[in-house]
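Engineer: Got a sequence here, can you model it:
(one chain, ligands or ions: 1)
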Amino acid sequence: MRAALVTGASAGIGAATAEALLGAGYRVAVNYGSRTDLAQAFAARTGIPAFAWNVADPVACRDGVARVEAEIGPVEVLVNNAGITRDAMLHKMSFEQWREVIDVNLGGCFNMCRAVIEGMRERRFGRIVNMGSVNGLSGQAGQCNYAATKAGLIGFTKSLALEGASRNITANVVAPGYTDTSMVAAVPSEVLSQILKSVPAGRLATPAEIARAVVFLVSDESAFITGITLSINGGKYMP
Ligand code: CAA
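Structural biologist: Numbering: from 1, shown residues only. From the prediction side, this is the model:
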């Protein structure tokens, strides 16, 4: 039974991924940032232990991984799902809005991968999935910061895939389209209804539809799939 850690998993895609991994037989732990009520309710409902730390903080990530490993054993599967938006047109975007998104979405991926990669290399096994976005591929007005991080994750992941291949460590990106989560619910409704018109499937994705792809990519049998970006966007964008 392999051990899996999912970040940013108090709700939404992270929580759905953790539950799907549990259902597939993994020992699972989740990280969350600040939504303690949601995380505790999730842990109580699923039995999955939830640990709070800020993925933007490299020391907190190292310590957090140590706490997780004391509970479920060495992390063999890492899903970097933690992410935030601070949407604004560039001409209105503050340096703080830029910096926060870079630090969490891209810095968090570095910090978490850095905290587990040596163990994965020693054990000659690892599965890493980084949560991208359709908007990292297509661009999105109001998201110069967010789209830059999601595009950046792709270059990061391809490089890590090259480094890990000889050690049976795979690294892939899952790039969801607009999904039924609180992040998307925060988009102004008139903007969201315009966006939905550009989705051929005519609806949001469910978190479970994204989780399903993660479970596929992290399985032992997916050993030859590495460095890819798997789009799940209802036809909105086909790179
Ligand atoms: N494409 C092009 N131009 C757009 C646009 C779009 N999609 N949306 C707005 N604009 C233009 C408007 O037409 C307007 O142009 P003019 O000034 O020339 O008239 C200009 O942008 C400013 O519009 P607003 O007055 O509405 O600006 P605002 O500052 O109040 O809000 C915004 C701008 C914050 C970007 C807002 O439109 C918004 O929140 N958009 C949604 C962005 C989005 O899709 N975020 C995704 C979040 S979910 C997520 O990220 C998950 C995932 O991975 C998919």
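
Engineer: List the buried residues of stretch 69-80.
Structural biologist: Buried residues in stretch 69-80, counted by 16 or more other CB atoms under 10 Å: E69, I72, P74, V75, E76, V77, L78, V79, N80. Backbone N, C-alpha and C define where each C-beta goes, glycine included.

Engineer: what does this structure have sitting close to the ligand?
Structural biologist: Contact residues, the chain versus the ligand (CB under 6 Å from any ligand atom): 85, 87-89, 92, 133-135, 140-143, 146, 178, 183-184, 187-188, 191, 195.

Engineer: Restrict the residues you listed to the buried ones and give me that as a ChimeraX selection.
Structural biologist: The ChimeraX selection below is limited to those of these classed as buried (16+ other CB under 10 Å):
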select :85,87,133,134,135,140,142,143,146,178,183,184,187
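
Engineer: dump the residue contacts of the nearest residue to P207 once chain neighbours are set aside.
Structural biologist: Excluding its sequence neighbours, the residue lying closest to P207 (CB to CB, 6 or more residues apart in numbering) is A16, at 3.5 Å. Neighbour list for A16: T206, P207, A208, I210, A211 [criterion: CB atoms under 8 Å, 6 or more residues apart in numbering].

Engineer: May I have the predicted confidence score for the last one?
Structural biologist: Put plainly, it is A211. Per-residue pLDDT puts A211 at 98.

Engineer: May I ask you to name the longest strand in this protein?
Structural biologist: strand 169-176 (DSSP state E).

Engineer: What residues of that strand count as buried?
Structural biologist: For strand 169-176, by 16+ other CB under 10 Å, it's I169, T170, A171, N172, V173, V174, A175, P176.

Engineer: Give me the helices and strands touching the helix or strand following that strand, please.
Structural biologist: For strand 169-176, the succeeding helix or strand toward the C-terminus, using DSSP states H and E, is helix 182-185. Helix 182-185 sits against no helix or strand, with contacts defined as 3 or more CB pairs under 8 Å, 6 or more residues apart in numbering; DSSP states H and E.

Engineer: After helix 182-185, which helix or strand is next?
Structural biologist: Going down the chain from helix 182-185, the next helix or strand is helix 189-197, by DSSP H and E.

Engineer: Nearest residue to the middle of the chain?
Structural biologist: In the chain, the centroid-proximal residue (CA atoms, centre = their mean) is N81; its distance is 1.8 Å.

Engineer: That one touches A4, doesn't it?
Structural biologist: No: using CB atoms under 8 Å, N81 is not in contact with A4; the gap is 11.5 Å.

Engineer: Now do the contacts for G12.
Structural biologist: For G12, the contact set (CB under 8 Å, 6+ apart) comprises T179, T181, S182, M183, P207.

Engineer: any idea of the pLDDT on it?
Structural biologist: Listed pLDDT for G12 reads 97.

Engineer: And for P239?
Structural biologist: Predicted confidence (pLDDT) for P239: 86.
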